Every structure is written in C-alpha cells, then in structure tokens.
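A.B. asks: I'll drop the sequence and a predicted model, then ask my questions.
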Amino acid sequence: GGITADNAMSKRGGKKAHKTEATPMSVPDDASAEGGKDSMTSADYYFNSYAHFGIHEEMLKDEVRTKSYMDVFYNNKYLFKDKVVLDVGCGTGILCMFAAKCGARAVFGVDCSEILDSAQQIVKDNKLDHIITLFKGKVEEVDLPEKVDIIVSEWM
C-alpha cells in the first residue's frame with residue numbers, strides 16, 4: 001500500500017534512507033483556526049484547499065496525467081543527472097521522487113500546505129529521503145541550502 005514513485009507505473013531500485021526535516025510553518029486548517037474566519041487571507045484558503053489528501057489522490061489516480069509527468073522525467077534522465085531540482089508546490093512529492101529516481105543529486109520540495117506532513121512520510125517510505133528535502137512554506141520565503149539547476153511544478 002501507499003504512494004510510491006514506482007507504483008505510478010513500474011518497479012525500480014531504491015537507495016539507503018537518510019532522515020530529513022521539514023521547516024515548520026503554521027497554516028490554518030479551517031476558518032476556526034486562531035483568529036477565526038476574518039483573519040484568513042485568500043492565500044490561506046488557497047493553500048488550505050491542498051491540505052486534504054482527496055485532491056492529491058484524485059490527481060495521482062489520473063493515470064494519463066501522472067504517466068505523462070513520469071514519461072517526461074524518465075525520457076529525459078540526462079537533464080536531471082547530478083542536478084539540484086526544486087519542485088514548487090510539491091504536494092505529495094511525486095515530481096520530487098521522479099527527479100530523484102532520474103539521478104538528481106538533491107531535490108528540494110516546497111509546499112505551504114499541511115499535505116507536506118504526508119509527503120515527508122511518502123518520501124521516507126520510498127527510501128528517497130537522502131536525496132529529497134521538503135520545506136513547508138511559501139517558495140518566495142523559504143531559504144534553500146543551495147542554488148538549484150532545475151525548477152519543476154505540477155500546475156495542471
């Protein structure tokens with residue numbers, strides 16, 4: 001069970017796991033969060049809409065969509081080999097895992113939603129936490145540990 005980069009379409013080998021930590025940031029879960037409905041901004045509502053696993057499950061189960069993303073990565077491994085990749089709005093981390101499996105030296109996933117907590121476990125379960133580091137926050141506010149070579153984002 002569980003989400004894996006491999007079960008998106010096929011089985012591939014994994015590497016030794018190493019623990020990573022997400023940068024803490026609080027995003028209100030609902031209108032009853034501290035300050036109440038009136039203090040929530042449109043950004044809070046936007047990021048909160050991606051906090052629920054259902055929307056991510058729906059996207060991942062769209063086989064044409066997920067396989068199309070996977071094919072772009074796997075058919076262009078030479079672009080990712082030894083590169084540092086940033087996934088903006090990484091959600092469950094599926095693009096992070098594709099990049100890692102295609103030879104990226106380091107992958108940084110950034111998401112402002114609470115789904116990042118699940119993504120952290122998914123990355124660990126896939127034994128890719130020695131390559132992928134996840135950051136909770138807005139991409140424009142997160143301090144990455146190094147310059148990136150490639151930026152990806154699943155915006156569809």
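C.D. replies: All right, it came through fine.
A.B. asks: okay, the nearest residue to Lys83 once chain neighbours are set aside: pLDDT?
C.D. replies: Taking Cβ to Cβ, 6 or more residues apart in numbering as the measure, Lys83 lies nearest to Asp149, with 4.1 Å between them; neighbours along the chain are not counted. Any C-beta I mention is one placed from the backbone N, CA and C, and that applies to glycine too. The score at Asp149 is 98. That number is its pLDDT.
A.B. asks: now the strands: where do they sit in the protein?
C.D. replies: Along the chain, the stretches classed as strands by DSSP state E are 84-88, 106-111, 132-136, 150-152.
A.B. asks: Quick check: mean pLDDT of the longest one?
C.D. replies: In this model, strand 106-111 has an average pLDDT of 96.
A.B. asks: Counting by contacts, list what that strand packs against.
C.D. replies: Strand 106-111 makes packing contacts with strand 84-88, helix 94-101, helix 115-125, strand 132-136 when contacts are defined by 3 or more Cβ pairs under 8 Å, 6 or more residues apart in numbering; DSSP states H and E.
A.B. asks: returning to what we had before: OK, contacts around the residue nearest to Lys83?
C.D. replies: Asp149 makes contact with Lys83, Val84, Val85, according to Cβ atoms under 8 Å, 6 or more residues apart in numbering.
A.B. asks: and which of the residues you listed is nearest to Lys101?
C.D. replies: Looking at the contacts of Asp149 and their distance to Lys101, the nearest is Val85, at 11.4 Å (Cβ to Cβ).
A.B. asks: ok, now which ones touch the closest one?
C.D. replies: Cys96, Ala99, Ala104, Ala106, Val107, Phe108, Val148, Asp149, Ile150, Ile151, Val152.
A.B. asks: okay, the contacts of Asp149 in a markdown table with distance to Gly137 and pLDDT next?
C.D. replies: Supplementary listing: those in a markdown table, determined by distance: Cβ to Cβ, whole Å; pLDDT from 0 to 100:
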| residue | distance to Gly137 | pLDDT |
| --- | --- | --- |
| Lys83 | 22 | 98 |
| Val84 | 18 | 98 |
| Val85 | 18 | 98 |
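A.B. asks: circling back: compare the strands of the chain and report which one is nearest to Phe73.
C.D. replies: strand 150-152 (8.5 Å).
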